[in-house]
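Asker: after the sequence you'll find the predicted model.
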Amino acid sequence: MKTFANRTLACTVILAGALSAQLLFAASNESSRSNSPSAGVPLAPIGIDQQALERIQQAIPQVAPAVPKKPRKLLIFDLNVGYGGHPSAAYANHAFRLMGERTGAFQTVISRDPAVFAPDSLRQFDAVFFNNTVGNLFTDPELRESLVRFVYRGGGMLGVHGTSVAFTQWPGAIEDWPEFGLMIGARGANHRESTEHVYVKLDDPDNPLNSVFEGRGFEYRDEFFRVHDPYSRRRVRVLFSIDTERTDLRQGRGFGNLERADNDYALAWVRNYGRGRTFYCTVAHNPYVFWDPMMLRFYLGAIQFALGDLPAPTIPSELATPAIRAQEKLGWRVAAHGTQQMTVFDSIDRSAKLGVAYLAVSSAQALSSAAPKPVDSRLETSEMRQLRFKLDSTGLRILSYEIVNTPESETEWKRAFGFARDLGAEFIVAAPDPGLLDTLQQLCREFDLQLLVKPSEKTATSIYGRAQSAADATRRYAPWIGFTLSPQGALGSASDYGAVFPRLADTTIAVRLDRTTRPDQFLEEMHKARIQPALLLVPLDPPENAAALVESINRVSLDVFGPRISTP
């Protein structure tokens, strides 16, 4: 167990000096900020004393944990409304800016102007960091919708400490935007003293964001929030939490509702909101957090996760059974799909009972019995919100969107691709004419979606109906375009697996399992051949068949990778 108690001995002096620094900063340095929605000047560290500057400089990591896939830009937003601001915010701004510069992992723009969240402005960023933001930051519904779409379509979002009460009316933390609470994963700012001593346990020791802790819990002093609804382990993947067996939960004064019936006091977590990657950590009250080398390395990993460069598992903790953790290691993603007669809401409910983490939906499905409209770009903003909330309540996310009626023009294809991104999907399943694949590959790149070609009545016997011909037709478009296959229809008998699998190398594949499929041998042979399926699709009807298929997938997953799964 690591200990960091000695780092807080001078906390009272630090906080007093930092508060003065924050006030000085607000009074004299606003001109160095970005007041336009599209540009910004990094904050000069005026108001941070020289000793603190040197400590931050010495603590900054030299190397980022991941190589950026492309040049990245992080928006830092540190506005407070109705609250004077946390002294640590200026230190976090400076440390995050330096981490980006030194490692080359990202650039930063720092702003307090809500106009930066307009769609044309926001699209320049890969992620947004709400730096200890307290209060109702902006109320414009168009800006709020812009932020939701940015995240749900695949942007990143980070929050620390006071961000758990962002977009509430302060003082009092009166809720003003419930969906922000869903995105960040919790609400509340109840705490004990700002130097509370806790023992921290790692809830997900194998998570790449926790690698800095080397598999061991640690001790720390800071102001640790006890959060409440909508926090749930069915929504978020908890990274670490208070070790309640070792920590004195009644030390010092308390402020607010500090008790949870489940005794679950998470301190840091990640989640997907749609396709977006969000992160929250409460350890950010005191300035010294941002000259602690360990915490800066942790935060650098979190930034790269939100930017999209450091992959990390996000399936909610409550859903992450040993079998699903094994599938995460294997890269297998199991998505359930309903029939065209089944509404998407019904599919969500059935998938949740089945224990899968992902859903595949179709344009032929109606949204719900209350809104019997096809799931396509004609859905209204309020109906898309209902869908997001329904998915959130179960911990599921949509992974693929199937287009039943093939678009007849490039404009219609673009509309379908854009809607798939609005759903948070990563894949489109369709049956296009083979002559369109060059055009569709360009759309895949533009929308960052992968197309999985399915057999149609015209192509089932010629190109996409058999694994070998489908692989030959799509291989040059990989990874952007791949194909779906059914083990029975596309590969023939089980005796053919060993001969066919080597010919499928370097292709993108989604496997459609059905009631006639015995997946055990198929999955084992596929794994031996080093074939990585993009999706494993399981039909929800009939329910007993779906349960049997999922059970088989789980069994093979554990047989292949189960012994290597770490538990907290």
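Answerer: That came in fine, so what should we check first? Residues are numbered from 1 along each chain as shown.

Asker: what's the pLDDT at P568?
Answerer: For P568, the model assigns a pLDDT of 57.

Asker: please read the previous query as pertaining to G301.
Answerer: Per-residue confidence at G301 stands at 98 (pLDDT).

Asker: can you list the buried residues in the helix or strand harbouring it?
Answerer: Per DSSP states H and E: G301 is located in helix 293-307. Of the residues in helix 293-307, those buried under the neighbour-count criterion (16 or more other CB atoms under 10 Å) are 294-307. In short, each C-beta sits where N, CA and C put it, glycine included.

Asker: find the nearest non-adjacent residue to D392, please.
Answerer: With sequence-adjacent residues excluded and distances taken as CB to CB, 6 or more residues apart in numbering, D392 is closest to L182, at 5.3 Å.

Asker: right, and I315 touches K329 too?
Answerer: No: when contacts are counted by CB atoms under 8 Å, I315 is not listed as touching K329 (12.0 Å).

Asker: and W291, what is it in contact with?
Answerer: The contact partners of W291, by CB atoms under 8 Å, 6 or more residues apart in numbering, come to A52, R55, I56, Q58, A59, Y91, A95.

Asker: what about the closest residue in space to A173 that isn't next to it in sequence, neighbour count?
Answerer: Spatially, and ignoring its direct neighbours in sequence, A173 is nearest to V165 (4.5 Å; CB to CB, 6+ apart). Other residues lying near V165 total 27 when counted by other CB atoms under 10 Å.

Asker: contacting residues around V165?
Answerer: Shown here is V165, whose contacts under the criterion CB under 8 Å, 6+ apart are V134, G135, A173, R187, G188, A189.

Asker: how close does G217 get to A320?
Answerer: Distance of G217 to A320, given as CB to CB, to the nearest Å: 19 Å.

Asker: let me fix that: F279
Answerer: Distance from F279 to A320, counting by CB to CB: 17 Å.

Asker: which one of these two has more residues nearby?
Answerer: Comparing F279 with A320 by neighbour count (other CB under 10 Å), the higher total belongs to F279, at 28 against 21.

Asker: let me know the secondary structure of the more buried one.
Answerer: Judged by DSSP: H, G, I helix; E, B strand; the rest coil, the three-state class of F279 is strand.

Asker: surely it and M183 touch.
Answerer: No: in this structure, F279 sits apart from M183 without contact. The criterion is CB under 8 Å, and the distance is 10.8 Å.

Asker: need the overlap of contacts for those two.
Answerer: By the contact definition CB under 8 Å, 6+ apart, F279 and M183 are jointly contacted by M157.

Asker: hmm, back to that, which of I315 and K329 has more neighbours?
Answerer: Here I315 and K329 are compared on neighbour count by other CB under 10 Å; more neighbours surround I315, at 22 against 16.

Asker: what segments of the stretch 301-450 of the chain are strands?
Answerer: When assigned using DSSP state E, counting those that start in this stretch, the strands of the stretch 301-450 of the chain occupy the ranges 334-337, 358-362, 397-402, 427-430, 450-453.

Asker: could you export the ones you listed as TSV, including mean pLDDT?
Answerer: TSV is the format used below for the strands of the stretch 301-450 of the chain (pLDDT from 0 to 100):
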stretch	mean pLDDT
strand 334-337	98
strand 358-362	98
strand 397-402	98
strand 427-430	97
strand 450-453	96
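
Asker: same list, those, but as JSON lines with mean neighbour count and distance to L158 please.
Answerer: Conversion of the strands of the stretch 301-450 of the chain to JSON lines gives the following (neighbours: other CB atoms under 10 Å; distance: least, CB to CB, whole Å):
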{"stretch": "strand 334-337", "mean neighbour count": "25", "distance to L158": "27"}
{"stretch": "strand 358-362", "mean neighbour count": "23", "distance to L158": "24"}
{"stretch": "strand 397-402", "mean neighbour count": "26", "distance to L158": "19"}
{"stretch": "strand 427-430", "mean neighbour count": "24", "distance to L158": "26"}
{"stretch": "strand 450-453", "mean neighbour count": "25", "distance to L158": "26"}
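
Asker: and P87, which of these is closest to it?
Answerer: Ranking these by their distance to P87 (criterion: CB to CB) puts strand 397-402 first, at 37.2 Å.

Asker: now do the closest one against strand 358-362, angle only.
Answerer: Following axes from the mean of the first three to the mean of the last three CA atoms, to 10 degrees, one obtains 30 degrees for the angle between strand 397-402 and strand 358-362.

Asker: which other residues reach strand 397-402?
Answerer: Applying CB under 8 Å, 6+ apart, the set of residues contacting strand 397-402 from outside is 272, 274-275, 333, 335, 337, 357-364, 375, 391, 416, 419-420, 423-430, 452, 454, 510, 535, 537.

Asker: sheet partners, orientation included, of it?
Answerer: Paired neighbours of strand 397-402 in the sheet (DSSP bridges): strand 358-362 (parallel), strand 427-430 (parallel).

Asker: turn those into JSON lines, columns for distance to L504.
Answerer: Below are the strands paired with strand 397-402 laid out as JSON lines (distance: least, CB to CB, whole Å):
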{"stretch": "strand 358-362", "distance to L504": "21"}
{"stretch": "strand 427-430", "distance to L504": "17"}
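
Asker: tell me what V238 is bridged to.
Answerer: Applying DSSP bridges to V238, the residues it is bridged with are W269.

Asker: what's the neighbour count on it?
Answerer: Residues contacting V238 under the criterion other CB under 10 Å number 25.

Asker: i'd like the first residue to be 36 from this point on
Answerer: Sure, I'll start numbering at 36, so the last one becomes V273.

Asker: ok, now which ones touch it?
Answerer: Contacts for V273 (CB under 8 Å, 6+ apart) come out as D238, D239, A301, A303, W304, S352.

Asker: apply 6 Å and report the result again.
Answerer: By CB atoms under 6 Å, 6 or more residues apart in numbering, V273 lies in contact with D238, A301, W304, S352.

Asker: I figured A569 hits R547, correct?
Answerer: No: using CB atoms under 6 Å, A569 makes no contact with R547, being 11.9 Å away.

Asker: sorry, back to before: tell me which of the strands paired with strand 432-437 lies nearest to V439.
Answerer: With CB to CB as the criterion, V439 lies closest to strand 393-397 of those, at 5.9 Å.

Asker: which residues touch that closest one?
Answerer: In contact with strand 393-397 (CB under 6 Å, 6+ apart) are residues 368, 370, 372, 379, 386, 410, 431, 433-437, 439, 572.
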